[in-house]
Structure formats: C-alpha cells, structure tokens
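Asker: sequence plus predicted model, see below.
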Amino acid sequence: MTDDREHYEAVVVGCGPGGAAAAAVLADNGVETLVLERGTEAGSKNVSGGLIYAEESAPYTIDDLYPGFREQASERPITEYHIHNVAGNKVKSYDITDLHDHDTEWSDAVLRRKMDSWLERRVHERTRETGGGVVTGVHVDGLIQEDGEVKGVTCEELDPIEADLVVAADGVNSELAREANLMDWEEPEEWFQGVKAVVDLPEGAVEDRFGIGADEGAAHLFSGDLFEGVRGGGFVYTNEDTLSVGTVFHLDSLVAEEAEPHELLDALLTHPMLAEYFDGEYDELEYSAKLVPDSKKVAHTSPHRGRLVLVGDAAGQMQAQGPIIKGMNHAVTAGALAAEAFVESRARKSRKAEPTAGELYERKLHEEGVMGKLRPKRYEVAAALGERDAVTNLTDRVLESPVGRFGIKAADSLGIIESAYSSPFMSMLMPDTKTPYVTLPTVIGEALGDRVTGENTIEPPALDDRIGDLTYDVGDPHIELLDESYAASGAAVSACPVSAQDFGGGCYRSETVKTNGHEERVVSLDTQPCVECGTCAVVADTDWNHPAGNKGVEYKQG
Amino acid sequence: MYSVVLTKGVPDFREGVVSFDEDGHLERGETPTVMNPNDKHAARAALQTKVRHGGDVTLMSMGPPGYGDVLREGMEDVYGDDCVLLSDREMAAADTWATAITVATGIQKLDEQPDLVFAGFKTADGETGHTGPQAAWCMDWPILTHVISLDVDEDEGVVRAKRLVQGDVEEIETVEAELPAFVVTDPEFEPTYRRAEHRLLHKDLREETQARAEDHESVMTVWDHEDLNLDPDYIGLDGSPTIVGGVDPIPKAPSEREATDVDPTDSQGMEQVVEELTPYAGGD
Ligand SMILES: Cc1cc2nc3c(=O)[nH]c(=O)nc-3n(C[C@H](O)[C@H](O)[C@H](O)COP(=O)(O)OP(=O)(O)OC[C@H]3O[C@@H](n4cnc5c(N)ncnc54)[C@H](O)[C@@H]3O)c2cc1C
Ligand code: SF4
C-alpha cells in the first residue's frame, strides 16, 4: 500500500442502472462511495431499447431506490404489448400484454441519456454525503492487483485508487471483468447486437398514431421474414414524443449471414406495417448500437473475485425472455444486492471465516431468484434438444409443410398460439434457432396474416449521414486490429454497425492487396466513427478497449 | 495558498459581436466588454491551486465602475471567493506602466499577502503583455511566464512550472521560484487533476461559486486612488509615459495569386481543372 494513494471504501465503475443501484445502497448505509463514469455525463455512452421493468418478484426496483424516477427520468408507461408475425406484406398480430404484465409491477420506456443523467445527479448527491461522489470523464482501464489480489482500480485520467470493494458496473465489454479473467469476448453465440434509431414525431402524433392516451405507451415486436433469415427481431417503443425503433439479433447469426445491421434496421423502418407510425415523414434523431449479453449463456454463476464484484451487463446478467429483453432491471437488482452483501460483510468483519462480500453477493443472487431467471434450468434442458440441427431442420420442415400450416391454423383457432406467446414458461424454453425467430413467425404470417395495404415511402438516412449526425470527440485509436487477415477479422466489415461492404466511410474496410505475387484480402480499421458497440471485440481479432474519458461518441438520446 | 487573479475587461472581438466603424475603428459603445480571453487560463491555474491546496482566490481588476459583468464572468471562471475593483477617474486611460503600479499597490493593500498572483498572457486589446511583468517588478517578486503546467510544493515553499519557450523550435523549460511568485499563464496552460477528491472538490466549487458570482457585488471591494494612497500624477493618463502616435488599420496583404470559380457541375470547367492539375499529380 502506498501512503498517498487515494482510498475509498467502495469504488463503483460505471453510472448506468447497475452502478446507480449499487451506489444508492452503499451510500444509504454510510459507505464512502466513489463512482467513476467514462462519459461526459452518465448516459452519454449508453443505449437500450428500452423498457425498464420493475418486477414484482425482485427485491429491488429502480423507483424504490430512486423515488421520482418514473415521473422525472422515464418516458411512458407501457400499457399494451403486441407481437407481429411478418411474411412479406402479410402480418398476423397477437396481443401479448399478458406476457408483458407477468411479474411486472410497472414497465416504462426510457431514453438513456435522460434516464442515466438524472440518476447521476441523484447518485452524486447521495454519495457526496459519504465523502465520495460521481466523477465523470474517467476511463477506468484496469485493476490494481498485488500478489494476485484485487486492491483497487487504475484509470487513464487519475492516479490509482484503492478500495475495499470494487463494483464493476461497467456494462457489456467490461474491461474489469476481462482483466479479472471472469469474462471473455470470444464466442459470437453468447451475444446479441442491438441497433436502434430514435425518431422524432410531431407533438400529439404518438397518441394519435398508436391510439393511446397521454399516460399510456405501446410496445410492438416484429419477427418473421423481414430480416434476411437472421435470428432476432425488431421493436417499436413509444417515448413521450419520439419512437425507439430497433433490432436485436444473435451475433453469430449476423456473422453467418454476413448481414449489414443498418440494412436490417432499414428493413424494419420501411416495412409497410410501420407506415402508419411515420405518416410519410421521417426525422431520425439518432442512430446507435451496442452489444447485449445473453444471460442464458454468459451470466456468470460466481461473478466476483476478491474485492471485485461484477453487476449487470458486466456479469452477463441480461435476460432475453423470449421476445422480452430484461437487462436494466437485473442490473439494478444485482447492483443493490452486491452493495447489501458488502454492507453485511463489513458489519461481520470481526469474525473470521465469514463469507466475503463476493460470496454473499453470489448467494443472494441465487436466493433472490435472480440466477434462476438469468440461467433457467428449463432452458438448459430445452437447448440441448432444440439446438441440435437435426431437430431444428425437422421442425422447420414440418412447420413449412402443408401439415404444419394446417396445424398452425388449427392452433390459432384454438387460441393456442396467442397463449403460447403469452406464456412466460414457453418464452423461457425458446431455443436459439431459426424456428422461433424466423420460421414460425413467417409461417404464422403467411397462413394467418392479413395483407398490409399501407405504403411506406420513408427513406431512412444513409450510413454516412447517420455517422455524420452523431457527435464525436475523437481521441486516440482505442481498438487495435491484431490480425488484419480477412479470415480473422473480415466478419467485422459487415457486422460493425457503422461499416459495410463497399462503404468507404466506416470503421472497417476490406481490400485486396498483392503481396509477393499472390493476392490477399485484408481488413483495415479506422476508429473515428466508432460507436463503441463492442461487436468487433468478439467477431474480429482485436485488442479492444474503450476510449479515454470524455472521448469517442456522445449519445444525446441513448 | 492564497491567490489573486488579475483580469481586464476587453472588447469582445469575436466575429459577429465586435463592431467597427467605416474607418475600421472599434466602436466601443456598440461592442460588449468581456473578460480578457487569455485571463481564463490564469483563472484555471488559480483554480487548480485552490482545489489542490485549498485557500481563497481574489479576483482583481482595474476599470470603470460598470465592470460588473466582467467580474461576474471572472468569478465564475476562477470560482473566486471575492473580488476587488480598482476604480476611479484618476486611474482612467492608464498605459501598462501606470496600470502595473496601480495593480501592484492594490495587491499590497490586501489584508493578507497572496502566495501567488496569476495573470493571463496579453490582453486582447493592447496585446503588449507588459502589465504582468511590470507589476511583478514593482513588487520585487519572481515571475514565471508562458506557464503551461504548475505545481506548488507547500513544504518547500516553492512553485515549479513548465514553460513553453517558443523560438525556432518549441522547448519546454522546467523552472522553480520561491513563493510569493507571479505567474503568467500561456494559452496552452492545462490544469491537471489526477485525484478523484480534487475533481469532486472542483465540482463542489462550481456549484458554490455559481451562486456567489451572481451576487458578486456583495463580495466586491472598490478601492480608489485615495484608498491605495496613490499620487494621481503617477497613475492614469498623467502617469502614463506611453504616447500613442496614431492607429492605422493593417492593410490586407495583397494576393499574388489569381482565382477562378468553377462550378463543379460545369463539365467543361472541371475538365480544365483536371488538365491544369495533371502536371502536379504523382505517378504516371
Ligand atoms: C438495442 C438494445 C435494446 C435493449 N433493450 C432493453 C430493454 O428493452 N430493456 C432492458 O431492460 N434492457 C435492454 N437492453 C439491455 C440494457 O441496456 C443493459 O442490460 C443495461 O444497460 C445494463 O446496465 P448496466 O448498468 O449493467 O450497464 P450500462 O447501462 O451499460 O452502464 C455501464 C456504464 O459504465 C460506463 N463504463 C463502461 N466502461 C467504463 C470504464 N472502463 N470506466 C468508466 N466507466 C465505464 C458506461 O459509460 C456506462 O455508463 C437493451 C440493449 C440494447 C443495446
Ligand atoms: S469499430 Fe467495433 S466497437 Fe466500433 S462500432 Fe464498429 S464494431 Fe462497434
């Protein structure tokens, strides 16, 4: 220990929902808490769909920890939820508000810049009273490790800081989780990629076009054949006067199909179903993207090491419950439980052989049912069956055959499909195959759907305009391409949401070079327009880090 | 660590704000007065000292009674604790020498002797850069100029600084002076806060100061020449040895090149452009 090193009882890295929740519980228990956030303001780096849930079964919710949250930080409560099965122009829709309502005390649409910056101010007020506070513009780039033990954090902008507890609430692509060897960024199967546009609507249009009242909100999900066979789906959520329109795909599927994420988003935006939302006018405020962990595969069952605990996306705690995406709520619960564990372990400190804060946190995650939701046993059993190609192929063939279609019609007339979609039990079983994402919705759309007659004439901005509209404070390159061969890193050219094949302006480009008489396809990287989504950390061979504090992209909506 | 920041009100020379008459003379009445932009670097240096070492900061200016906005702006930048305005008719129209005498006297009249006095590099109107060094000379203090980074060693009672020396090549020189010292910051000055506690304090001060700046008149002291015990013959216009012979607008440098506008949609014109450029292109 160095004498003049700064020391805080707790250092929380990241001021998203996970960090904010941890900070609230720590501060309320008098723990001196420092929160470090790399953005110019919390939320300036963050993207979600997003609907934040307050689950009835959860021990903590964001409005418990931060009273006034719903009135001041969120957009609209979601009061209706629909899923649309699309086959060409034919669409069959089901009301799945029941699934949405299951275990839901409330659920609000949010925009992250507004939400997280609101939280940041509250977090600062509360932690400042403990002698800590929130410091923004600081990129935590590592751990102080001495004799193999975590002692604190290192930062680009500050001298090393020691702490008794380090909460890694630094989101997906957590550099701290990676350094502690708790998470790696190797397998595309373990991640989703989310891409989103925030679209401005005239005042009053949200109510008119969605048929909802001033204090109501709607969520619409889309699956079927509109995404080039890529496994995943689309969403439209209503904000106060804007819409969040986005897509979430399995990263391995994106890579396998060499799909361009922005084109898939455009496929949704320009589908005739969405014509009525835009009424021929399209004003995109922001384009954004981020990786999303799949908790079924990566939620760490023991997310701690010594003084370090991982919460939220950093620990892979992002649950895709069928079509419903729940990450923020779990980050809140986990952050609060980790803090609670530290407070308890500190109180018992005098006695030896007591569990550490990390061990207590792990126990709480299981006892409070969080791990059960993140890694459902039923899924692991079903996955073993469902993910076998032979089974998938067979199911898909049956579904696509006349027998399947007949079955679908019969099932629908009995109300089985709607109730299956609305069943939380079924949605947990959903295997990660084409069947539920593409085949089934397409067959349903075809067999049962009505033709959409509206014409969608909008033209979403081209990729270079989308990049041009974002705000960047470009710093030093933060990603290093380790292997520039196409075999190792070529997948990023398509999968990077701000790059595309044959597009000269993005981050990744491919070209053919002649070396010693033979031709080779190579990849180059320019991090200037990077939106820090994390995709190329997984699909390319890179040394991937976040930019320095205050540098890089700055989201205004999120 | 007690610091004083010197600042001056200057015409706001930003494009769109500044106003010149037909002869190219500044229209003072039409142009708002703002804090000299270079003084903001001095303010940042003083703030860094306050955050890292504690202590108060006083903002000092010489100017007409209506300098309220300048001082308010200054108070926000410096996160100042109070301000002193040296003001009366006898001080008006002073050159850099008379100003230096007045300011140095003002500093010496403060209840407590400052450890550091900060000034910006050149004012936007006079551009002489003389006032700081002359004031330091009047007080017989060491002066560090062109400072780009600053470190105070309280135990040793010294200030260490890096200064940017511009010549044929740019050099960075490390210098040390005993306190009290006079520091002139360079526009390249960058404060550094490597401790979280300093950044938190910085944030606290910002909030605290905002309120005080709005109400700066309640923490403002005004001294006239009598308060400073200065002989009117040595200050203001009478005490200014500088004689301004005249002011000439700087003529625009004549351009020896000719330019032709080509509309990019005009294919004939563009062909010609390509033809003219071809000899300068590399390769075959
Ligand atoms: C398109 C899309 C749609 C989604 N939809 C939903 C939805 O509808 N509902 C839902 O609940 N979830 C949704 N999610 C997931 C949700 O956004 C995340 O699960 C959630 O944000 C995780 O919260 P967190 O606090 O763990 O991390 P984050 O919210 O990512 O916060 C991490 C914070 O840490 C900061 N940080 C990161 N690294 C560092 C560092 N090294 N140093 C300092 N600071 C750092 C970041 O700037 C950020 O503020 C969606 C995600 C995407 C991309
Ligand atoms: S360069 Fe990598 S991290 Fe940046 S936007 Fe592209 S894929 Fe995402």
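Answerer: Structure received. Ligands and ions are numbered 1, 2, ... in the order given.

Asker: start and end of stretch B:11-29, how far apart?
Answerer: Start to finish, the residues bounding stretch B:11-29 are 10 Å apart (C-alpha to C-alpha, to the nearest Å).

Asker: show me which positions of that stretch end up buried.
Answerer: For stretch B:11-29, burial by neighbour count (16 or more other C-beta atoms under 10 Å in any protein chain shown) applies to B:11-12. For glycine as for every other residue, the C-beta is placed from the backbone atoms N, C-alpha and C.

Asker: ditto for stretch A:521-536
Answerer: Quick answer for stretch A:521-536 (16+ other C-beta under 10 Å): A:522-523, A:525, A:527, A:529-536.

Asker: number of residues surrounding the residue in the stretch 51-200 of chain B positioned nearest to ligand 1?
Answerer: Evaluated by C-beta to the nearest ligand atom, the stretch 51-200 of chain B has residue B:196 as its residue closest to ligand 1, separated by 12.1 Å. Residue B:196 sits with 24 neighbouring residues when counted by other C-beta atoms under 10 Å in any protein chain shown.

Asker: phi, psi of it?
Answerer: The phi/psi pair for residue B:196 (degrees, to the nearest 10) reads phi -60, psi -40.

Asker: what residues are up against it?
Answerer: A:6, A:8, A:34, A:36, A:135, A:138, A:158, A:161 (C-beta atoms under 8 Å, 6 or more residues apart in numbering or on different chains).

Asker: any idea how far the closest residue to chain B within the stretch 401-550 of chain A is from residue A:208?
Answerer: Minimum separation of the stretch 401-550 of chain A from chain B (C-beta to the nearest C-beta) falls at residue A:549, amounting to 10.4 Å. Distance, residue A:549 to residue A:208, using C-beta to C-beta, to the nearest Å: 43 Å.

Asker: could you do residue A:198 as well?
Answerer: Counting by C-beta to C-beta, the separation of residue A:198 from residue A:208 is 19 Å.

Asker: swap in residue A:173?
Answerer: Residue A:173 is 40 Å from residue A:208, by C-beta to C-beta.

Asker: which of the two has more residues huddled nearby?
Answerer: The neighbour comparison of residue A:173 against residue A:208 (other C-beta under 10 Å) goes to residue A:173, with 24 against 12.

Asker: quick check: bridge partners of the nearest residue in space to residue A:74 that is not next to it in sequence?
Answerer: Once flanking residues are discounted, residue A:74 sits nearest to residue A:108: 3.8 Å by C-beta to C-beta, 6 or more residues apart in numbering or on different chains. Per DSSP bridges, residues listed as beta-bridge partners of residue A:108: residue A:52, residue A:77.

Asker: burial measure for residue A:108, as a count.
Answerer: Residues near residue A:108, counting by other C-beta under 10 Å, number 23.

Asker: and if you look at residue A:296?
Answerer: 21.

Asker: contacts only, for residue A:454.
Answerer: With C-beta under 8 Å, 6+ apart, residue A:454 has these contacts: A:272-273, A:275-276.

Asker: 10 Å instead, please
Answerer: Contact analysis of residue A:454 by C-beta atoms under 10 Å, 6 or more residues apart in numbering or on different chains lists A:89, A:271-277, A:279.

Asker: with residue A:380 instead?
Answerer: With C-beta under 10 Å, 6+ apart, residue A:380 has these contacts: A:296-297.

Asker: now do the SS call for the closest residue to residue A:499 other than its chain neighbours.
Answerer: Excluding the flanking residues, the one nearest residue A:499 by C-beta to C-beta, 6+ apart is residue A:506, at 3.1 Å. Put simply, residue A:506 is coil when judged by DSSP: H, G, I helix; E, B strand; the rest coil.

Asker: ok, now how distant is residue B:180 from residue B:109?
Answerer: As defined by C-beta to C-beta, residue B:180 lies at a distance of 15 Å from residue B:109.

Asker: ok, which stretches of chain B are helices?
Answerer: For chain B, the helices defined by DSSP state H cover B:39-53, B:68-78, B:96-109, B:131-139, B:196-214, B:267-277.

Asker: tell me the contacts of the residue of the stretch 201-350 of chain A found nearest chain B?
Answerer: Among the residues of the stretch 201-350 of chain A, residue A:307 lies closest to chain B, at 17.3 Å counting by C-beta to the nearest C-beta. If you count contacts by C-beta under 10 Å, 6+ apart, residue A:307 has them with A:10-11, A:143-144, A:149-152, A:162-167, A:342, A:356-358.

Asker: and if you look at residue B:64?
Answerer: So residue B:64 contacts B:9, B:33, B:70, B:85, B:87-89, B:91-92 (C-beta under 10 Å, 6+ apart).

Asker: as a markdown table, those residues with pLDDT, distance to ligand 1 and neighbour count would be great.
Answerer: Listed next are the contacts of residue B:64 as a markdown table, based on pLDDT from 0 to 100; distance: C-beta to the nearest ligand atom, whole Å; neighbours: other C-beta atoms under 10 Å in any protein chain shown:
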| residue | pLDDT | distance to ligand 1 | neighbour count |
| --- | --- | --- | --- |
| B:9 | 83 | 41 | 25 |
| B:33 | 84 | 41 | 20 |
| B:70 | 85 | 38 | 25 |
| B:85 | 93 | 44 | 24 |
| B:87 | 91 | 48 | 20 |
| B:88 | 90 | 53 | 21 |
| B:89 | 88 | 56 | 12 |
| B:91 | 83 | 51 | 25 |
| B:92 | 80 | 53 | 14 |
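
Asker: show me which of these is closest to residue A:399.
Answerer: Of all those, residue A:399 sits closest to residue B:70, with 76.1 Å by C-beta to C-beta.

Asker: leaving out chain neighbours, which residue sits closest to the closest one?
Answerer: Closest to residue B:70 by C-beta to C-beta, 6+ apart is residue B:9, at 4.0 Å.

Asker: next one: residue B:201
Answerer: In space, and not counting its chain neighbours, residue B:201 is closest to residue B:51: 5.2 Å by C-beta to C-beta, 6+ apart.

Asker: tell me how far the one you found lies from chain A.
Answerer: Going from residue B:51 to chain A by C-beta to the nearest C-beta, to the nearest Å gives 13 Å.

Asker: show me what contacts that residue?
Answerer: Residues near residue B:51 by C-beta under 10 Å, 6+ apart: B:79, B:191, B:193, B:195, B:197-205.

Asker: of those, keep whichever come out buried.
Answerer: In terms of neighbour count (16+ other C-beta under 10 Å), the buried residues within these are B:79, B:191, B:193, B:195, B:197-203, B:205.

Asker: and the angle for the longest strand seen in chain B with helix B:131-139?
Answerer: Ordering each strand of chain B by length in residues (DSSP state E) puts strand B:143-153 first. Orientation check (axes from the mean of the first three to the mean of the last three C-alpha atoms, to 10 degrees): strand B:143-153 against helix B:131-139 gives 80 degrees.

Asker: how close does the closest residue to residue A:358 other than its chain neighbours get to residue A:28?
Answerer: The shortest distance from residue A:358 to any residue other than its chain neighbours is 2.8 Å, reached at residue A:304 (C-beta to C-beta, 6+ apart). Applying C-beta to C-beta, the value for residue A:304 to residue A:28 is 22 Å.

Asker: alright, calling it a day.
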